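> fold the following and give me the result.
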Amino acid sequence: MEKTEKIEKIKEFYSEAKAELKKVTWPSRQQTFSATWVVILIVIAIAVFLGFVDFALSGLVKYILR
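Model (predicted):
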């Protein structure tokens, strides 16, 4: 493949990507903040749960090994 063909393919890729991005329906600022808070709360809940499981299992292992 020649250098000019590669350049043309790159240009075509970027023009198609730009056209596709114009079709995207972007979320509003409020929707973005709401979704972010949901993700943060779920991560915290999972971290607390896994911390509890880790604490319980380490206590169980210590009890068994005594």
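> in the protein, which spans are strands?
With DSSP state E, there are no strands along the chain.
> residue nearest the centroid of it?
residue 39 (9.7 Å; Cα atoms, centre = their mean).
> could you pull out the helices for this protein?
3-23, 29-65 (DSSP state H).
> which stretch in those helices has the least confidence?
Confidence, taken as mean pLDDT, is least for helix 3-23 of the helices of the chain (a mean of 93).
> just give me how far that one sits from the chain centre.
Put simply, helix 3-23 sits 26 Å off its chain's centre (Cα atoms, centre = their mean, to the nearest Å).
> could you export that helix as PDB, CA atoms only?
Output in PDB follows, covering the C-alpha atoms of helix 3-23 (Å, rounded to 0.1, in the frame of the first residue of the first chain):
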ATOM      1  CA  LYS A   3       1.800   6.300   1.500                       C
ATOM      2  CA  THR A   4      -1.000   8.300  -0.100                       C
ATOM      3  CA  GLU A   5      -3.400   5.400   0.200                       C
ATOM      4  CA  LYS A   6      -2.700   5.200   3.900                       C
ATOM      5  CA  ILE A   7      -3.200   8.900   4.400                       C
ATOM      6  CA  GLU A   8      -6.500   8.700   2.500                       C
ATOM      7  CA  LYS A   9      -7.700   5.800   4.700                       C
ATOM      8  CA  ILE A  10      -6.800   7.800   7.800                       C
ATOM      9  CA  LYS A  11      -8.700  10.800   6.600                       C
ATOM     10  CA  GLU A  12     -11.700   8.700   5.800                       C
ATOM     11  CA  PHE A  13     -11.600   7.100   9.200                       C
ATOM     12  CA  TYR A  14     -11.600  10.400  11.000                       C
ATOM     13  CA  SER A  15     -14.400  11.900   8.900                       C
ATOM     14  CA  GLU A  16     -16.500   8.800   9.500                       C
ATOM     15  CA  ALA A  17     -15.800   9.000  13.200                       C
ATOM     16  CA  LYS A  18     -16.700  12.600  13.300                       C
ATOM     17  CA  ALA A  19     -20.000  11.800  11.500                       C
ATOM     18  CA  GLU A  20     -20.800   9.100  14.000                       C
ATOM     19  CA  LEU A  21     -20.100  11.400  17.000                       C
ATOM     20  CA  LYS A  22     -22.600  13.900  15.600                       C
ATOM     21  CA  LYS A  23     -25.300  11.100  15.800                       C
END
